[in-house]
Every structure is written in structure tokens, then in C-alpha cells.
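Novice: here's my sequence, what's the structure:
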Amino acid sequence: MDEDDSIHDASFESPATISNRRRQSSGRLPRSAALWLVLFLLLLVNLTNGISNIPLNRLLERRLCRIYYNVDHDVDETLCKVDIIQQDLAWIMGAFETLWIVGDFVMTIPLTFLSERYGRTRVLLLNLVPRLFMLSWTLGIAYLEDYLPPRAAIAGASLSVLGGDTVFNSLIYGLAAKITEDSTTRAIYFSRMTALTSVVGFLSPAIAAAVMTLKLSLPFWLGIVLLVLAIPTILMLPVDEDAPDDTNEARRPLISSPTLKAQSACASLVASIVDRVHSLVSALGNTRLALLLFSMLLTSLASADTKLLAQYISKRYHWTFASAGYLLSAKAVVNFFLLTFVVPWFLNTRGNTSQSLSDRANIRYARFCLVCSVFGALAIGISAAVWNLIPSLLIYALGVPLSIFTLSLANSPAMWAHTRNDESGASDPQGRIFSIVMMVKTLGSLVGAPLMAALWYYGIQISFYGSPYIASSLIYLAAWFVFLKIRVA
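Specialist: So this is what the prediction gives:
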């Protein structure tokens, strides 16, 4: 084609084509800038989650305490640690967590399909809706005491069908995986993301404790502000290169009716669900991958005990929730040191090693983390005093990097050796891989949330407070045995 023809063709490009080309070119951010945006979004969302948990516990405890003592004023928090109040609180929080996880799990596949069809940006924006609703509903529980009973707080989790933590994590980790093709660099990215998540998760109780001492509803208002800041952050994320082109829509026949389009979208959604189920079944046919996913399910089930830590400390050691928040935040020092310095150093010392050596190292480190989790959870469960609990929390913190190594293994070609052909044809293979992984982890949480809540509920009844953590230790031990059977060439 000569120069005149190319100029002629360019001059007749449609506005949609030019707009899409500009949008994609402007969406190609440098790796460092893209990663910082991902980390900032992760910070905003996880900080919102972290600063709302302890205030929600205290808010519900205060309401239940007023009902128990039949008074219309605040009761001293130390008087609210009686078994009946704490059992009711455990029931409400267990139901709340379970409802949130159920809605999130059910909608993981459909929302992942929508992210592939319409781009991550829209689904991430949709993911903010249930979070905003939950915070707003909780404020309603705080201000409308005469109209909303404490158990009405469970309804705050009802919009998780629009996307919860599973959908968010699968999208955000899939995006991070697409930033680079190098396995070591990708593992370092995961390390930074896990470090941020962990540090925020354990610093946020201190932030929540400090803010709630000023006003109990203030952490929820702060969470709403953080989620509003997340909106422009999502809009600045790298544009999906595989997002649908507007020109494809323009080239469709004009006779397409809304009914036909709806039928086509429905058929595509069903096909996507079938495809995901097929991918999961194929994964289970691969022994190494099946073992990895099973270990992820077990560790996710066992880690559901962390949701109980604040109430566990408050009830067993007769501490206020604010004091428990400060204690939990002390654990962040170990997490920060491990995930910011130690783990990246280990990953960097590997250099440009082969994939098989990298996989073997990930398996070795993951086994060490599981051993720490086994002994850490057991130590928490049998700690009779706070001075026993503090070193137990530090041992438990050594198991935090586990998810870095398991996620790196999940993205390894060796693990998907017999299923990679199916995934390689996908427009977003990393997104599909992480959607499967996050589904498995959410299934573990789906079982773990009510199980740990039930163990805690009946543990209070028989004064066996460490039952959730002893059970968690046994589940981690089972995951360690599963990991012993994973082999790479």
C-alpha cells in the first residue's frame, strides 16, 4: 500500500476507532505508575474494611448491652462482656460475614465475565456500591436505634451480590499479573500487595481504636470518604487492552433488536459460567494443581479465625475493643518487616533462576509459613494471659507471607501444564486463573466463617474460648500435609 492510500484510509477512520486508539495509548502507563495505582486502590479498600470491623463490633455490643440491662443510656464496656451479650454478638457477626461471603461467591463468575466483556473499570466501580451501602446501613443502625434492632445489621451485607472481596481481589491481582511477564517480578509485586494488605489489616485496628474513641460513628464516615477517593483511582487504572472496541458495536447489523442483544448477552454469560466450571474441573484433573487449590481452600478456611481476634481478646482478657485494636496493630511491625524486606530479599536472591527452581523455592517457603501458622494458631488458642498471647501473635504473623508463594505457584506454567491451552486462548488468562483461585479461597471462607463463629459461640457457652484457634491449627496442619505431596519437575 502506498503513502497516499494509507493517508486516504486514515482519513476515513471512524471517530470511535480514533477514540478507542487514543484511549488505549493513554492507558499504557509505565509499570511503576500502574503498580502504584494498584497499591493505592488496595490501600483505600482494605483500609475501609479494616477500620470498620472493630467499631461495628463495639456498636453492636453497645446496642445489645443496653437491651440486656434495659437502659436507654450507655453502659460501661467492661459490664458488656457477659456470655449472653457476647454470644449474641458472635451470632450477628457470623451471620453478617456468611451473608457477605455467599453473595460474593455466587457472583464471582458472572462479574468476572462482565469484567472481560466491559472491562475491569466498570466492575471495580460496581464493587464499591455494596461497600458504600454497608457503611451507610451501619450508620443507620447507629442513629436509628428506635427503628432498627441490632440484628438488622446483617442486612448491610446483602448487596455483596454486586461484588465483594473475591471479585475485587481476582480483578486487582489479575491486573498486577498483567503488568509484567517475569515470574520473579510478579512475585515481588504480589509481595508488595500482600505486605500492604497485611500492614493495613493490622494497623487499621489502631486507627479505628483511635478514631472511635472520639466518636463511634466516625470510622464509618471515614470509610465512606476513602471509598469516594477510590473512584478516581479506578478511573486512572491502565485501560484493558482486551476491552471491547466500540467499532465492533458499530459494525453489528442495524436490525439487532434489544431483545436479541439481551439474549446474546445471556447466552454469553451462561457460556462463561460453563467455561469457568470447565476450567475448574480441568484444574482438578491436574494432580499438582488440585493439591494446590485444596491447600488454598484449607488455609482460607483456617484463616477465618482472624475475624474473631478482636472479640476474642476483648472477651477472654476483659479488654475494651479499643485496647484490643492497639494490641492487634502491634503485630503489624512483624508483618511489615517480613513482607517489605525479608520476602522481597528472598525473591531477589533467586535472580533469573529457572521456573522449576522458582517453583521449588515457593513450595519450600510455603511449607515454612504453614508450620508457623500451625504453632501460632495453637499458641493463641491456649494462651491463658495476655503475656502468652503477644508472642503467639508474633509466631502467627510469620505465616502471613503464605499467600505470596501460593499465588506465585498458581500462576506458574508448571501448575497449569495440562490446562494452560484452555487458558491461553482467553482474552485475560491471568484474570481467569485468579478468578478460579479466589473462588476456591472464598469457598474456604464460606465454610470457615460460620464454622469459626459456631465454635466461638459454643466455646463461650462452655468457657472453652480457644476452640476456634485450636481448630484452625489442625486445619493448617492438614494443609501442610497436602503441601508435602506437591512436587515439581
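
Novice: any low-confidence regions in this protein?
Specialist: Within the chain, the ranges that satisfy pLDDT under 70 run 1-29, 181-184, 202, 239-285, 332, 347, 349-357, 415-432, 435, 489.

Novice: tell me the buried residues in stretch 109-119?
Specialist: With burial defined by 16 or more other C-beta atoms under 10 Å, the residues of stretch 109-119 counted as buried are 109, 110, 111, 112, 113, 114, 115, 116, 117, 119. Bear in mind the C-beta positions are built from the backbone N, C-alpha and C, glycine included.

Novice: again, but for stretch 52-72
Specialist: Buried positions in stretch 52-72, judged by neighbour count with 16+ other C-beta under 10 Å: 52-66.

Novice: name the nearest of those relative to residue 129.
Specialist: Set against residue 129, the nearest of these by C-beta to C-beta is residue 52 (15.8 Å).

Novice: residues touching the closest one, list them.
Specialist: Contact criterion C-beta atoms under 8 Å, 6 or more residues apart in numbering gives 134, 135, 138, 208, 219, 220, 223 as the residues in contact with residue 52.

Novice: and if you look at residue 437?
Specialist: Shown here is residue 437, whose contacts under the criterion C-beta under 8 Å, 6+ apart are 170, 293, 296, 407, 410.

Novice: how about residue 137?
Specialist: Listed by C-beta under 8 Å, 6+ apart, the contact partners of residue 137 are 153, 155, 156.

Novice: repeat for residue 449
Specialist: 94, 97, 98, 101, 304, 307.

Novice: assess the claim that the fifth one and residue 443 are in contact.
Specialist: So that's residue 304. No: when contacts are counted by C-beta atoms under 8 Å, residue 304 is not listed as touching residue 443 (11.6 Å).

Novice: in terms of neighbours, single out the busier of those two.
Specialist: Neighbours were counted for residue 304 and for residue 443 using other C-beta atoms under 10 Å; residue 304 has more, 25 against 19.

Novice: which non-adjacent residue is nearest that one?
Specialist: residue 448 (2.9 Å; C-beta to C-beta, 6 or more residues apart in numbering).

Novice: that neighbour: which element?
Specialist: helix 429-461 (DSSP states H and E).

Novice: against which helices or strands is the helix or strand just after that helix packed?
Specialist: Under the assignment DSSP H and E, the closest C-terminal helix or strand after helix 429-461 is helix 467-484. When contacts are defined as 3 or more C-beta pairs under 8 Å, 6 or more residues apart in numbering; DSSP states H and E, helix 467-484 sits against helix 287-302, helix 355-382, helix 429-461.

Novice: ok, residue 455 touching residue 474?
Specialist: No: with contacts counted by C-beta under 8 Å, residue 455 stays clear of residue 474, the gap being 11.4 Å.

Novice: compare these two (neighbour count), which wins?
Specialist: Neighbour tally, residue 455 and residue 474, criterion other C-beta under 10 Å: the higher count belongs to residue 455, 22 against 14.
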